Structure formats: structure tokens, C-alpha cells
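In: Next come a sequence and a model predicted from it.
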Amino acid sequence: MSPLLSAGMKIESLSQIGSVFLLVVRFDGSLRPPRDYGFPTEKLCRLASAGAAIIRDDSVIAVGGKAISLYPGITSADVEFEGLLLGLDYLSTEYKENERNDGILTVEGDCKAVIDQMTGVAKGGKLEKKYESANSYLNRLGFADINFCHIPRRRNTLCDSVCEEVINLLVEQSFQRLRADLKENEILIDDLIEAYMGDCSVIPHSRRLVAYMEILERARQLTDGVGIQSLGRQLQLDSKAWPDCNSDYAKPCKQSLLSLSVRFQIEGLELQGDKRNVLKLRRKNHFILDHYCVAAEKELLAKKSLLGETTGNFETSRHSHLLKKWKQDAGEELTRNAEHKFWIHP
């Protein structure tokens, strides 16, 4: 499987460890839609990521993560196994030949299916090929003692946070692709709406308003009335996911977005010269247009600068500085080449 992104941060060379040493490979994987707190995610497309950490005597030596290409039948256990393979691959490239029999390796993860497969408790099935790959790495590494341990998720927060940040970076990548597509001379606004805002979108509802406004601006440049009308219809569907205006959780509220969606549809119909349907829409939605029109515009402009930012779910632990550095370096590499596999050494 060719990853979209892999990244790591090396803190200390493995060659600096003494002749007898203890190493821990900790791994995790995530297969889910992007998080969107307070909003439904069931219609968002799933994304997959894996993370791994190399630890010695409770000190992090290296931490890495990668995005995983989706394929039919992929499961959470598959992406968890990818986290283990990521960590073992790092060891296989950094490990020196003359140290191979002097260390004790412990593999830790919060996925019992992977640990059971590696210990022989479970055999065969879909994970057999990944087990063979992991076993091949372990045989080449040649540790005298290898242990496998199932740990609770609360002990795996570092790898879990890396997995989440990879998914955040993939959402940001989707924004970048949308902006690149908007610059193309020959584009169909309807196609962009379907690809980036329709079913199985990866852009969370809470971050869509910036995308809507950028698509609207391009559609206006193209005088694409049909595209603007379609944009309004999609925004009308999305507005159902937002809280009512009596909620303090998020602004703009549902009614404000509904007002904007109707305005977009009216603008599109006017460009098409469809006066009859313009009149029908105005009559049908006169209350929401009269009461929320100005509020929607002001709220959107006030919120626009914030909605384009990616926010990670970093733990406020001793590892937070590693995650911050990982995010910065991985994000910069993602911008340059989304399919490049790399390890970052500060």
C-alpha cells in the first residue's frame, strides 16, 4: 500500500543506545470521518491514518505517522496493523547490524486483534498478510527477546494524537485541492460541489463556509447561474446540521445559513433569467429572508478568518511539544508532496 503521507521526528539515534538496551514500539491506527464537534459526521467520508512511537526507558526516540489509502473492506484492525508496520519499518532502516542480538523489544498497542495475531492467539483471516509482513521485519531485526503487550488506550495518547493530526492534515489537503481546482480555466461548478461538498465529503460542516464563499466567488466570475443555484441547494442541505439561532454553540446558526442558501439560489436563477422561480422563492422564504439576511452576512464575514484553520486535538502532556513539531514539519511536507514518504530529523 502506498501511503499518501508518512512523517516522523527523530529525537536520538538508536546507535547511541548501549550494547544492551530496551526498546518499545508503540502503535495506533484510526479509521473514521474527520472530527466535527457538535456536528453530525455520518455523511462525511472516512479517512485512515497510522502512528508509531519508538521509546526507550520512558523517553521518546522517534515518532511518526502516515495516511493510508482506503480500499474496499478496510477495517480498523488493518490500519492499526499499519501503525505497527510503520514502527518496524523505522527500526529496520535505523538499526545497526552489530547490535541486532543485544536488545529486548516490546511491541505495545491498544488493538487486541493485532496483538492476538502477533502472539498466535488468533491465526489466519484477513490480517494474515500483514502478520507475515510484521514477522518478516522482526526476523530481519533479530532481537533476542520480543514481547507483545495489549495496553489501554489512555496509555497510547501519543500515537493516537499523531493519527488524529494526520487526518486533520488530510482535511487541509482537501482544501488545498479545492483551491487549486478553482483556479483552473475550464471547471464546472456543479462538479466541484459534488466532489468537495456532496456525499462522502471530508470537509467538516464547521469548516465549510469558507469553501462555499470561495466557490461562490469563482462561480460569479464565470457568471455560472446554474452553479450558484446548485451551491445554494447544497448549503440548504448543510444548514440542517447547524444549531438553531437560540443556541450559543455555533454561529452562524441554522436560520442564517438557510437565508444565505436561498439568496444563492435566487442569485443563480436571476443569472439564468428565471424570474418566475425567483418570485416563488422570495414568497416561500420571505420571513427568513427578512429576518436573517443581514445577520447571516455579518456573521459569515466575522467568522471567515477562523473557519479555515485546522485545529488538532493535542494532549497537554509531556509529549505536546513533540506533537507540535510533528504537525509543523509534516504539514510543510504535505504541502510540497502529498505522496512523499519521509522522516524528519531536527
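Out: Nice, I can see it.
In: can you give me the helices for the chain?
Out: 76-94, 112-119, 128-141, 157-182, 189-196, 208-221, 225-239, 254-271, 275-284, 286-307, 320-336 (DSSP state H).
In: Turn these into TSV, including mean neighbour count, distance to Val60 and mean pLDDT.
Out: Any C-beta I mention is one placed from the backbone N, CA and C, and that applies to glycine too. Written out in TSV, the entries for these read as follows (neighbours: other Cβ atoms under 10 Å; distance: least, Cβ to Cβ, whole Å; pLDDT from 0 to 100):
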stretch	mean neighbour count	distance to Val60	mean pLDDT
helix 76-94	22	12	92
helix 112-119	20	21	94
helix 128-141	15	19	92
helix 157-182	21	7	89
helix 189-196	18	37	93
helix 208-221	19	35	91
helix 225-239	21	40	93
helix 254-271	22	43	90
helix 275-284	12	58	94
helix 286-307	14	32	59
helix 320-336	17	6	64
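In: Identify whichever of those lies nearest to Asp58.
Out: The minimum distance between Asp58 and the helices of the chain falls on helix 157-182, with 11.7 Å, by Cβ to Cβ.
In: Which residue lies closest in space to Lys112, excluding its sequence neighbours?
Out: Computed as Cβ to Cβ, 6 or more residues apart in numbering, the closest residue to Lys112 that is not its neighbour in sequence is His150, at 5.2 Å.
In: List the contacts of that neighbour.
Out: His150 is in contact with Glu108, Gly109, Asp110, Cys111, Lys112, Ile115, counting by Cβ atoms under 8 Å, 6 or more residues apart in numbering.
In: so the last one makes contact with Tyr131?
Out: No: with contact defined as Cβ atoms under 8 Å, Ile115 does not reach Tyr131; the gap is 11.2 Å.
In: Give me the nearest residue to the spatially most central residue of the chain, chain neighbours excluded.
Out: Residue closest to the average C-alpha location in the chain (Cα atoms, centre = their mean): Ile167, at 1.6 Å. Here the nearest residue to Ile167 in space, its sequence neighbours aside, is Leu47; by Cβ to Cβ, 6+ apart that works out to 4.8 Å.
In: repeat for Asp57
Out: Closest residue to Asp57 in three dimensions, ignoring its sequence neighbours and counting by Cβ to Cβ, 6+ apart: Leu22, at 6.5 Å.
In: So what's the residue count around the one you found?
Out: Other residues near Leu22 come to 14 when the count uses other Cβ atoms under 10 Å.
In: so what's it bridging to?
Out: According to DSSP bridges, Ile104 are recorded as the beta-bridge partners of Leu22.
In: what about it, distance to Tyr137?
Out: From Leu22 over to Tyr137 the distance is 18 Å, taken as Cβ to Cβ, to the nearest Å.
In: now do Phe27
Out: Between Phe27 and Tyr137 the distance is 12 Å, computed by Cβ to Cβ.
In: Over to Lys43?
Out: Lys43 sits at a distance of 38 Å from Tyr137 (criterion: Cβ to Cβ).
In: Lys284 too?
Out: Here the criterion is Cβ to Cβ. By it, Lys284 lies 63 Å from Tyr137.
In: Hmm, Glu165 and the residue nearest to Ile167 touching each other?
Out: No: proximity of Leu47 to Glu165 does not meet the contact threshold set by Cβ under 8 Å, at 11.8 Å.
In: Sort out which residues of stretch 198-210 are buried, please.
Out: Ser201, Val202, Ile203, Pro204, His205, Ser206, Arg207, Arg208, Leu209, Val210 (16 or more other Cβ atoms under 10 Å).
In: what's the burial count for the residue nearest to Leu44 when sequence neighbours are not counted?
Out: Nearest in space to Leu44, with sequence neighbours left out and distances taken as Cβ to Cβ, 6+ apart, is Pro33 at 3.7 Å. A count of neighbours around Pro33, defined by other Cβ under 10 Å, yields 19.
In: what do you get for the one 3 residues further on?
Out: By the other Cβ under 10 Å criterion, the neighbourhood of Asp36 contains 17 residues.
In: Now do the same contact list for it.
Out: The neighbourhood of Asp36, defined by Cβ under 8 Å, 6+ apart, consists of Leu44, Pro204, His205, Ser206, Arg207.
In: Any idea which of those the model trusts least?
Out: Checked by pLDDT, these have Ser206 as the lowest-scoring entry (79).
In: Please look at that residue and Thr41 and confirm they touch.
Out: No: counting by Cβ under 8 Å, Ser206 does not reach Thr41; the two are 10.5 Å apart.
In: And for Gly87, nearest residue in space, chain neighbours not counted?
Out: The spatial neighbour of Gly87 that comes closest, neighbours along the chain excluded (Cβ to Cβ, 6+ apart), is Ala52 at 3.3 Å.
In: gap between the one you found and Val60?
Out: Between Ala52 and Val60 the computed distance is 11 Å (Cβ to Cβ).
In: got it, and Phe21?
Out: On the measure of Cβ to Cβ, Phe21 and Val60 end up 15 Å apart.
In: Please tell me how far the residue located most distally from the centre of the chain sits from Ser259.
Out: Among residues of the chain, the one most distant from the C-alpha centroid is Arg276; the distance is 43.7 Å, by Cα atoms, centre = their mean. If you measure Arg276 against Ser259 using Cβ to Cβ, the figure is 21 Å.
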